[in-house]
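Student: Here you go, sequence then predicted model.
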Amino acid sequence: MKQALCRFIYHRILGWNYLITVPEFDKCVICAAPHTSNCDLFIGKLFYGSLGRKTSFMMKKEWFFWPLGPIFRSMGGIPVDRGKKTSLVEQMAERFAHSRQFHLAITPEGTRKANPNWKKGFYYIALKAKVPIMLIGIDYPSKTIAATKALMPTGNLEEDMRIIKDYFKGFRGRIPENFAI
């Protein structure tokens with residue numbers, strides 16, 4: 001029922017499509033970009049829900065107030081206290097280790113503003129958890145979400161990040177000037 005509703009909203013009401021060529025992983029880190037608007041979360045959740053898949057996402061704890069907190073948690077939200085010096089990499093790697101299925105979506109820009117200095121936490125989480133990184137690009141002009149590349153982190157951060165950033169060059173966010181590679 002939930003999948004049918006997500007599919008109906010995503011395809012019929014909003015008019016979005018998708019292109020998927022990567023396999024369905026039991027566990028993966030999803031690197032989703034561009035992230036230029038709050039709408040991206042909802043479009044992404046509808047996309048993944050239309051496939052019948054569940055994904056979690058990390059979000060600053062300030063968004064988890066009443067009544068949004070319970071809603072975000074039910075959607076897979078994981079509150080993050082960015083002021084604490086705790087290792088999110090370790091916490092998420094542990095979660096992967098103790099889960100049969102776990103998909104964690106992260107926007108590498110770490111903000112909805114233009115930021116060419118992408119955060120690397122998604123990479124280190126995947127490396128530590130020994131899971132692939134699925135690259136999912138959101139393209140507003142064509143109303144398409146594409147998942148056509150996945151990579152296993154090699155530990156060569158510079159080379160892997162070059163491959164990851166190259167993948168996203170052809171995608172345009174809702175507010176294109178807020179995306180920088």
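Tutor: Received, thanks. Numbering: from 1, shown residues only.

Student: contacting residues for the closest residue in space to residue 144 that isn't next to it in sequence?
Tutor: Distances taken as CB to CB, 6 or more residues apart in numbering put residue 17 closest to residue 144, at 5.0 Å, once the chain neighbours are dropped. All C-beta spots, glycine's among them, are computed from the backbone N, C-alpha and C. Counting by CB atoms under 8 Å, 6 or more residues apart in numbering, residue 17 touches 11, 142-145.

Student: again with residue 51
Tutor: Residue 51 touches 3, 18, 20, counting by CB under 8 Å, 6+ apart.

Student: Could I get the pLDDT score of it?
Tutor: Per-residue pLDDT puts residue 51 at 95.

Student: mind checking the SS state of the most centrally placed residue in the chain?
Tutor: Centroid-nearest residue in the chain: residue 105, 2.9 Å away (criterion: CA atoms, centre = their mean). Assigned with DSSP: H, G, I helix; E, B strand; the rest coil, residue 105 falls in the strand class.

Student: That one: what's it in contact with?
Tutor: Residue 105 touches 30, 32, 44, 48, 55-57, 136, counting by CB under 8 Å, 6+ apart.

Student: ok, 6 Å please
Tutor: 30, 32, 55, 57 (CB atoms under 6 Å, 6 or more residues apart in numbering).

Student: and what of residue 64?
Tutor: 72, 79.

Student: Now rank the contacts of residue 51 by neighbours and give me the top one.
Tutor: Most neighbours among these, by other CB atoms under 10 Å: residue 18, with 16 neighbours.

Student: what's the pLDDT at that residue?
Tutor: pLDDT, read off for residue 18, is 97.

Student: Which strand or helix spans the closest residue in space to it that isn't next to it in sequence?
Tutor: Residue nearest to residue 18 in three dimensions, not counting chain neighbours: residue 145, with 4.8 Å by CB to CB, 6+ apart. Assessed by DSSP states H and E, residue 145 sits inside strand 144-151.

Student: just residue 127 next, same as before
Tutor: Assigned by DSSP H and E, residue 127 falls in helix 121-129.

Student: Following element in sequence after that helix, please.
Tutor: Proceeding N to C from helix 121-129, the next assigned helix or strand is strand 133-139, under DSSP H and E.

Student: Now that following strand - C-alpha only, CSV.
Tutor: Output of strand 133-139 as CSV, limited to C-alpha atoms (Å, rounded to 0.1, in the frame of the first residue of the first chain):
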residue,chain,number,x,y,z
ILE,A,133,28.3,3.8,-2.1
MET,A,134,25.3,4.1,-4.4
LEU,A,135,25.4,7.4,-6.4
ILE,A,136,21.9,8.9,-6.8
GLY,A,137,21.5,12.0,-8.9
ILE,A,138,18.5,14.3,-8.8
ASP,A,139,17.8,16.2,-12.0
